[in-house]
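Q: Next come a sequence and a model predicted from it.
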Amino acid sequence: MKVLIIDDEVDMGEILAHLIRRNGFEVEFLQDTNLAKKAIQLATTDVILCDMNMPQMSGAEFYVQNCRELDSHFIILTGDITASLEEIYTTGIKHVLFKPKDLARIIPLLKELTLERQ
């Protein structure tokens, strides 16, 4: 299963990539939504983990503009406890994880999504 991580925070992205890779997943980490848009056009990605607060656009905007029609699971990551869940969920995004408290839920969620794809 291939996972794309989109996060402008290098440390967080590298930690997530290491954790996910260590659990047997193929991982690509990008810090920019423009690069991520190109990456999803060039290759199939099973799961996209995207930070909500990105410089170019929000994670929800990225989903609506680039991922809604893809056959990929999409997970929003946010460190902002005031994030508008209503805004996120009205886009059709089903999974939201809060940094750092929900990081332990990433691997179980990826494993669950892997089972759904089989």
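A: On my side now, so go ahead.

Q: what sits against residue 54?
A: Residues near residue 54 by Cβ atoms under 8 Å, 6 or more residues apart in numbering: 6-8, 33, 62. Heads up, the C-betas are built off the backbone N, CA and C, glycines and all.

Q: from the residues you listed, which single one is nearest residue 88?
A: residue 62 (11.7 Å; Cβ to Cβ).

Q: Quickly note the distance from that closest one to residue 68.
A: Taking Cβ to Cβ, to the nearest Å as the measure, residue 62 falls 10 Å from residue 68.

Q: out of the two, which sits in the busier spot?
A: residue 62 (25 against 11; other Cβ atoms under 10 Å).

Q: shaky segments in this structure?
A: Within the chain, the segments meeting pLDDT under 70 span 83.

Q: Next, the spatially most central residue of it: phi, psi?
A: Nearest residue to the geometric centre of the chain (Cα atoms, centre = their mean): residue 49, 0.9 Å. In terms of degrees, to the nearest 10, the main-chain angles of residue 49 are phi -100, psi 120.

Q: partners of it in the sheet?
A: Using DSSP bridges, the bridge partners assigned to residue 49 are residue 5, residue 75.

Q: What separation is there between the residue nearest to residue 56 when sequence neighbours are not counted and residue 79?
A: Using Cβ to Cβ, 6 or more residues apart in numbering and skipping residues adjacent in sequence, the residue nearest residue 56 is residue 33, 4.6 Å away. Distance from residue 33 to residue 79, counting by Cβ to Cβ: 17 Å.
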